[in-house]
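Chemist: what's the 3D shape of this:
(2 chains)
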There are 2 protein chains.
Amino acid sequence: MPEKQDTRKVTPRSQDFAEWYNDIVQRAELADYSPVRGCMVFRPDGFAIWEAIQAELDRRIKRTGARNAYFPVLIPMSFLKKEAKHVEGFAPEVAVVTHGGGKELEEPLVVRPTSETIINHMFAQWIHSHRELPMMLNQWCNVLRWEMRTRLFLRTAEFLWQEGHTAHATREEAERETLTMLEVYRGFVEEYLAIPLIVGKKSAAERFPGAEETYTIEALMGDGRALQCGTSHFLGQNFAKAFEIKFLDESNQLRFAWQTSWGVSTRLLGAVVMVHGDDQGLRLPPLVAGTQVVVVPIYRKPEEEAAVMASARSIAEALQAADLRVQLDSREGLTPGFKFNDWEMRGVPLRIELGPRDIASGELVFARRDLKGAEAKSKAAISEVTVRAKTVLGQIQKSLFDQAKAALASQIREFDSYSALRKQLEGEGGGGFALVYWCGEPACETKIREETRATCRAIPIGQSGAGGKCIVCGKSAADRAYFAKAY
Amino acid sequence: MPEKQDTRKVTPRSQDFAEWYNDIVQRAELADYSPVRGCMVFRPDGFAIWEAIQAELDRRIKRTGARNAYFPVLIPMSFLKKEAKHVEGFAPEVAVVTHGGGKELEEPLVVRPTSETIINHMFAQWIHSHRELPMMLNQWCNVLRWEMRTRLFLRTAEFLWQEGHTAHATREEAERETLTMLEVYRGFVEEYLAIPLIVGKKSAAERFPGAEETYTIEALMGDGRALQCGTSHFLGQNFAKAFEIKFLDESNQLRFAWQTSWGVSTRLLGAVVMVHGDDQGLRLPPLVAGTQVVVVPIYRKPEEEAAVMASARSIAEALQAADLRVQLDSREGLTPGFKFNDWEMRGVPLRIELGPRDIASGELVFARRDLKGAEAKSKAAISEVTVRAKTVLGQIQKSLFDQAKAALASQIREFDSYSALRKQLEGEGGGGFALVYWCGEPACETKIREETRATCRAIPIGQSGAGGKCIVCGKSAADRAYFAKAY
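Modeler: Predicted coordinates:
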């Protein structure tokens, strides 16, 4: 139970989104800056969201047949160099261990920025025959990519994630796996985090270093900028060739394996804050909220305390027994209004208020965090509190998704002239997703990026339109792509 | 489902315990060596045991009121130096990051060997008043302590663990917390891993660097050596003073906090192997076994296959529906005998064998991994398979504990002459715990260590005996202590 309340004002979201974000993350005690530049601290209320994410996503990953394993955090520098694009992409951002046990090392080791190299080195030891395929492993761990500018959850040198790595006998199977995991991520983020997504392929420029194809899920933040929420890579045989992952197929031919890798990170916590939060604080989707329901007893006279507290306690216990995550706010010396604000800041989806008159009438007050004003409040019979709480939590989960979905829909704009696109992207705010025909040439993509700072976020899969003209060069373009300014 | 079988012979346990251990760990596919010296790879069957440990221990830790958080993996070298004994203990074994993002760092960072320093730095920011106490955090993470000699699970540079860190208003409360966590560890390891323990205080020489008192749980391995399985430290105000963790108490006086830290690691997996394993392979306690029951269908004639497989499948499904972790061994081209050996190697507690005659008679065969020969086998009615399997798994859990308990009891010896102690410790094997009076002087402890290589493992708490004479110097000694050769 929190004991203190930081009484500084939160910067309004509309005034300065970045400041608002920092205020919320720290006031809701999700995270804090650390003394190590680029690194952050996950406080219990923030880590609890990550634990809820881990528990559910782990179940979904295992359901696809992958199993968890763990590989060393330190990787020989020479491993990174085995795949040309991989080293080019990651070498500039690694942290390098040069000394260990009081001595200089013969070969420097890097703290893993991702684990393709070391995992594929082991795959090469373990895989010999098609009978050992597919090999599908996942690991939950910390990774490090050097950053000096810290944005809590979004951009930190160290972050937590899961990284899946698979090896298959055929290209088709590996391609299917890439899309299977993309769909696992989409389903999880939309259903669990209540964040609607844009899904598609990355352009060549935005691909994972070493991948043949990268697929992405992209979300819209409250300030109109895009956030990449997860990626799934088809690696082809690039790493298999670099690390010699060969197997005998059914006709006894030696073949290189086909591979994938895929990951989501603690960045998702930043997305939850930036998609759902408002000027009063966090708004957590019930499925990932550390506390789903808070019970606030209300009384003015000391003689009312015993009865109200007893009733509040029995309600909290009933909710807990029904597998809800509940807190009873029994803090003394704080007004109900103060407590309401505090729990709103922390994003608890449902608040139950309970006073002497409520007890007398057999009803109590439900206050939903996803709605405002009179609409947020309703009465519920004390005798039905568990059933009603579950129903309302389901409604809140859906309502947060619907609100975010409407926000996303309102921020997707189609353009067919480059000047109109520039005007939108360069204008006040300049946010949202622009859906435009693009010929696929890097030169046109670069022009958009350099002139508007928007990047290609995703190219929807399986477009079957008639095609159109590239918004930059006017040449014929088969597909449309989403461009946006991004985190 | 494993597809291959390594056909090399396992070194007998009695012949070379260390070789036997390595053979088992690798043949059962728990772990593998990595290309990074000192680091290891946790394979899925090994990591599944760690996941089972994490799930249960996490519940027990949270039940005490601690919450999970996460702190940076990199720690400024200067932090380590703030507590004199701490830096003395850990500086020689740290890995040092000197370069990041392509540049040399202004201050070198160490990969955490443990997190007292960085966590207590943050505690100092968060703790101001007695109302914020106790603060009780736990983190599951990787740590690194430089080692060149790898012993899978037991001695590796990187290992996984949980580390709890707490701050309290009073000495008494912190001391109580230290013992509470010791008891959490004891209960978990004995009940869940079926490993009986010796519990007590460490001598000053064996204390955690920076602690006022270290408590330990110690187990006996199959070769008679001791293994420290977990520690709980009373830190006094050492770190609070080094990091200025001060709070206003109820009478508005500024005080330093009182602290504890406590941890167990993936070393526990090594203990499970070394306590329970035999020449046929692993023997996993049902509560932590990734697979608790394996169903092996047996048939000779092709026309029997359909009926046996259908029956085996429905039995496996019934067991699964009853929340047991089950595998159906439907591999083709392998004899039943081969499969039996394979699952014995992997330590699956209960094997169910099922052939056409069993189906006809409505009974199947249970084979317990904890027993040998005829004793291991029994018949069970197919209609009662789930209930019987649960009962038998409970019996196996208990039987593994009882076997280990008997082994421990047979290896605890009391000595009252130093020559007899030396003779035992220097003799063939030279294992087991020696329980002897010790005056508490470091000189006597050093003499035992230097002459016999046995160290003081634990001094039982709350001894109320009459006291005796120190086995080394003959001076009066209040307490007895356990000495043993240790991993």
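Chemist: for the closest residue to chain B within the stretch 251-400 of chain A, give me its contacts.
Modeler: Chain B sits closest to A:T266 of the stretch 251-400 of chain A, with a gap of 8.7 Å, by C-beta to the nearest C-beta. Glycine gets a C-beta too; all of them are placed from N, C-alpha and C. Contact analysis of A:T266 by C-beta atoms under 8 Å, 6 or more residues apart in numbering or on different chains lists A:F42, A:W50, A:F153, A:F159, A:L160, A:W161.
Chemist: quick one: secondary structure of the fourth one?
Modeler: What DSSP: H, G, I helix; E, B strand; the rest coil gives for A:F159 is strand.
Chemist: how about the contacts made by it?
Modeler: Taking C-beta under 8 Å, 6+ apart as the test, what A:F159 contacts is A:N142, A:V143, A:R145, A:F153, A:S265, A:T266, A:R267.
Chemist: which pLDDT value belongs to it?
Modeler: Here the pLDDT value assigned to A:F159 is 97.
Chemist: check the offset of the host helix or strand of A:W140 from the chain's centre.
Modeler: In this assignment (DSSP states H and E), A:W140 forms part of strand A:135-144. Mean-position distance between strand A:135-144 and its chain equals 16 Å (C-alpha atoms, centre = their mean, to the nearest Å).
Chemist: up against chain B, what does the stretch 151-300 of chain A have?
Modeler: A:A157, A:E158, A:L160 (C-beta under 8 Å from any C-beta of the partner chain).
Chemist: tell me where the stretch 151-300 of chain A has helices.
Modeler: Here the stretch 151-300 of chain A has its helices, by DSSP state H, counting those that start in this stretch, at A:171-192, A:238-243, A:267-276.
Chemist: residues in contact with the second one?
Modeler: With contacts defined as C-beta under 8 Å, 6+ apart, helix A:238-243 is touched by A:82-83, A:85-86, A:116-117, A:120-121, A:123-124, A:167, A:210-212, A:245-246, A:256-259.
Chemist: go on, the last one?
Modeler: Helix A:267-276 is contacted by residues A:17, A:21, A:24-25, A:30-31, A:46, A:49-50, A:53, A:151-154, A:159, A:189, A:193-195, A:219-223, A:227-230, A:282-285, A:288, A:347, A:400, A:403-404, A:487 when judged by C-beta under 8 Å, 6+ apart.
Chemist: pull out the buried residues from those residues.
Modeler: Neighbour-count burial (16 or more other C-beta atoms under 10 Å in any protein chain shown) applied to the contacts of helix A:267-276 gives A:17, A:21, A:24-25, A:30-31, A:46, A:49-50, A:53, A:151-154, A:159, A:189, A:193-195, A:219-223, A:227-230, A:282-285, A:288, A:347, A:400, A:403-404, A:487.
Chemist: narrow these to those in strands?
Modeler: The members of those that map onto strands under DSSP state E are A:A31, A:F159, A:A219, A:L220, A:L227, A:Q228, A:C229, A:G230.
Chemist: of all these, which comes closest to B:H130?
Modeler: A:A31 (24.9 Å; C-beta to C-beta).
Chemist: wait, what's in contact with that closest one?
Modeler: A:A31 neighbours (C-beta under 8 Å, 6+ apart): A:V25, A:M40, A:V41, A:F42, A:R43, A:G46, A:L152, A:F153, A:L269.
Chemist: those: which two are farthest apart?
Modeler: Checking these with C-beta to C-beta, the most distant pair is A:V41 and A:L269, at 12.8 Å.
Chemist: residues of the lowest-mean-pLDDT helix or strand in chain A that come out buried?
Modeler: Ranked by mean pLDDT, DSSP states H and E, the helix or strand of chain A with the weakest confidence is helix A:84-90, at a mean of 86. Buried positions in helix A:84-90, judged by neighbour count with 16+ other C-beta under 10 Å: A:H86, A:V87, A:G89, A:F90.
Chemist: packing partners of it?
Modeler: Identification of packing neighbours for helix A:84-90 by 3 or more C-beta pairs under 8 Å, 6 or more residues apart in numbering or on different chains; DSSP states H and E yields helix A:77-80, helix A:238-243.
Chemist: roughly how far out does that helix sit from the chain middle?
Modeler: 25 Å.
Chemist: and what of stretch A:33-47?
Modeler: 17 Å.
Chemist: how long is it end to end?
Modeler: Start-to-end span of stretch A:33-47 (C-alpha to C-alpha, to the nearest Å) is 14 Å.
Chemist: please state the mean pLDDT value computed over it.
Modeler: Mean predicted lDDT for stretch A:33-47 stands at 95.
Chemist: got the buried residues for the longest helix anywhere in chain A?
Modeler: Assignment by DSSP state H gives helix A:385-410 as the longest helix of chain A. Buried residues in helix A:385-410, counting neighbours by 16+ other C-beta under 10 Å, are found at A:385-386, A:388-390, A:392-393, A:395-397, A:399-401, A:403-405, A:407-408.
Chemist: follow-up on the earlier one: from the buried residues of helix A:84-90, which is closest to B:L319?
Modeler: Nearest to B:L319 among the buried residues of helix A:84-90, with distances taken as C-beta to C-beta, is A:H86, at 44.4 Å.
Chemist: which residues touch that closest one?
Modeler: Per C-beta under 8 Å, 6+ apart, neighbours of A:H86: A:L80, A:E116, A:T117, A:P209, A:G210, A:F239, A:A242.
Chemist: which other residues reach stretch A:363-380?
Modeler: Taking C-beta under 8 Å, 6+ apart as the rule, stretch A:363-380 contacts A:283-284, A:315, A:340, A:344, A:347-354, A:358, A:381-382, A:385, A:388-389, A:392, A:395-396, A:399-400, A:403.
Chemist: hmm, back to that, out of the contacts of helix A:238-243, which sit inside strands?
Modeler: A:A167, A:K246, A:F256, A:W258, A:Q259.
Chemist: what number of residues lie near the last one?
Modeler: Applying other C-beta atoms under 10 Å in any protein chain shown, we find 31 other residues in the vicinity of A:Q259.
Chemist: can you read off the pLDDT for the closest residue to it other than its chain neighbours?
Modeler: Excluding its sequence neighbours, the residue lying closest to A:Q259 (C-beta to C-beta, 6 or more residues apart in numbering or on different chains) is A:L235, at 4.2 Å. With respect to pLDDT, A:L235 scores 97.
Chemist: ditto for A:A91
Modeler: Reading off the model, A:A91 has pLDDT 87.
Chemist: got it, and A:T150?
Modeler: For A:T150, the predicted pLDDT is 86.
Chemist: my guess is it contacts A:R37. True?
Modeler: Yes: the pair A:T150 / A:R37 is scored as a contact, 7.4 Å apart, by C-beta atoms under 8 Å.
Chemist: same drill for those two, tell me which one is more crowded.
Modeler: Comparing A:T150 with A:R37 by other C-beta under 10 Å, the one with more neighbours is A:R37, at 20 against 17.
Chemist: the more buried one and A:M148 touch, don't they?
Modeler: Yes: the pair A:R37 / A:M148 is scored as a contact, 6.2 Å apart, by C-beta under 8 Å.
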